[in-house]
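Participant: Any chance you can model this:
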Amino acid sequence: MLKHLNLDEMVALLTPWVEDPKQRKLFLSIPEIAALHPRVVEAHETVLAVQPSGGGGASSKMRALVDKSNDVDRRHDHLARAVSYCIDAHRELCLAEDPADAERAARCDAVQKQLFPSGLSILNASPLAEAGNTARIARLLEDEAGLADFLKGIPARGKATLLDIVKRWLGTGRELHTIERARAELEADETTTPPTRTTIQSARSQWFKIVSLVLSNLEMSRAPARDIETIRGPVLRASGRAGKRYVSGNPGEAPREEAEAAQEQEEDTSSLAPAPDAAETEDDGAGDLS
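Facilitator: This is a model prediction of the structure:
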């Protein structure tokens, strides 16, 4: 039975429906359950939020911050490379002149050292370290007016100058700093505020209701049997194993209070199920007469 599943199993069962592109597309292709997908996502995130940290699951808020950090870090790294390569390219052009502009080429070397004292190894540092490095460069631009003028004199893409690119780079550093602060605060909140019995019960109950409704609607679905089995099979097999585990006297990780809360599904699922339309009722009646 579904109520004997533990939190880790509940998370694992809905993860494909929510995060796997192929399974999500398949779920949405079945008319009888497609409209339920937003509620499936909500139930999945609710269970993730109360899953103990030792279970390895991150909350939806934390995952969103991680995704955002990864995107900003990607832009940070590309902009840093663009700045470094642009200085090197300008240096080579100075040396290619006839006669060579050795003085400006040397200035390029000096600026490269100022912005990248350890080369591009900063790109392998943590987001917090990258944020700290861009803060250092921002102070450098304020303290040395000649540096900004030099960067402004190097053309970049379109009408932009290298100074414009550097400012974009520094902007990603500020973004990383803001995100890392938010992650630290959220992690502190989630670590010091464990889920209560009430919130766990509520999350499990919500999960049971929507999954039971999905399974019920699949019973009436005219979708290909293979598609139905792809969605429904893992849930039924896992719940069957959980039921045997419970009967054998080894409920596993599912706490008693969670199992008790899950009994609400038997009372609430019927109120969520849509009433059959007239055509289905007539079909059922015809079947009885035969």
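
Participant: Run through who's touching stretch 31-41.
Facilitator: Stretch 31-41 is contacted from outside by 14, 17-18, 24, 27-28, 210-211, 213-214, 217-218, 220-221, 223, 231, using C-beta atoms under 8 Å, 6 or more residues apart in numbering. The way it works is simple: take the backbone N, C-alpha and C, and place the C-beta from them, glycine included.

Participant: what's the farthest-apart pair in those residues?
Facilitator: Greatest spacing in the contacts of stretch 31-41, by C-beta to C-beta: V18 and M220 (22.9 Å).

Participant: quick one, which of the two is more surrounded?
Facilitator: Using other C-beta atoms under 10 Å, the more surrounded residue of V18 and M220 is V18, with 18 against 12.

Participant: Figure out the length between the terminal residues of stretch 18-34.
Facilitator: End-to-end span of stretch 18-34 (C-alpha to C-alpha, to the nearest Å): 12 Å.

Participant: can you pull the buried residues of it?
Facilitator: For stretch 18-34, burial by neighbour count (16 or more other C-beta atoms under 10 Å) applies to 18, 23-24, 26-27, 30, 32-33.

Participant: and the gap between R24 and W17?
Facilitator: Distance, R24 to W17, using C-beta to C-beta, to the nearest Å: 6 Å.

Participant: How about L115?
Facilitator: Distance from L115 to W17, by C-beta to C-beta: 47 Å.

Participant: Can you list the low-confidence ranges for the stretch 1-150 of the chain?
Facilitator: For the stretch 1-150 of the chain, applying pLDDT under 70 flags the ranges 1, 52-59.

Participant: And for the chain, the residue most distant from the center?
Facilitator: The centre of the chain is farthest from one residue, P99, which by C-alpha atoms, centre = their mean lies 54.9 Å away.

Participant: Surely that residue forms part of a strand?
Facilitator: No: counting by DSSP: H, G, I helix; E, B strand; the rest coil, P99 is not found in a strand; it is coil.

Participant: For it, give me phi and psi.
Facilitator: With angles defined as degrees, to the nearest 10, P99 sits at phi -80, psi 160.

Participant: and if you look at T161?
Facilitator: Backbone geometry at T161, expressed as degrees, to the nearest 10, gives phi -110, psi 170.

Participant: Contacts only, for it.
Facilitator: Applying C-beta under 8 Å, 6+ apart to T161 gives the contacts 151-155.

Participant: who's it bridged to?
Facilitator: The partner list for T161 in beta bridges (DSSP bridges) reads P155.

Participant: how much space between it and F150?
Facilitator: 10 Å.

Participant: hmm, back to that, restricted to helices, list the buried residues of stretch 18-34.
Facilitator: 18, 23-24, 26-27, 32-33 (DSSP state H).

Participant: can you put these in a markdown table and add distance to G173?
Facilitator: Converted to a markdown table, those look like this (distance: C-beta to C-beta, whole Å):
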| residue | distance to G173 |
| --- | --- |
| V18 | 33 |
| Q23 | 38 |
| R24 | 35 |
| L26 | 42 |
| F27 | 40 |
| E32 | 49 |
| I33 | 45 |
